[in-house]
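>>> Below is the structure, and that's it, no one-letter string:
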């Protein structure tokens, strides 16, 4: 019984983490899309600073 409760708590925690990851991935996709649209609109280089883009990836994931 205790094991079942512990497993349920663990599964719930995993579900919350998965949801959080999905939200951050969606946020990243939206920001990347917005960045791409603005890059096309301004007709500049897609990634002006790769370092900033890499840091953004690391922060979001």
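Yes, it's here. Worth saying up front: this structure is predicted, and the values here are computed from it rather than measured.

>>> What lies in contact with stretch 4-20?
The contact list for stretch 4-20, computed with C-beta atoms under 8 Å, 6 or more residues apart in numbering, is empty. (Glycine included, C-beta is placed from N, CA and C.)

>>> Point out where the chain drops to low pLDDT.
Within the chain, the ranges that satisfy pLDDT under 70 run 43-61.

>>> Do you have the helices of it handy? List them.
2-42, 50-60 (DSSP state H).

>>> so can I have TSV of those helices showing mean neighbour count?
Shown next, in TSV, are those (neighbours: other C-beta atoms under 10 Å):
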stretch	mean neighbour count
helix 2-42	10
helix 50-60	11
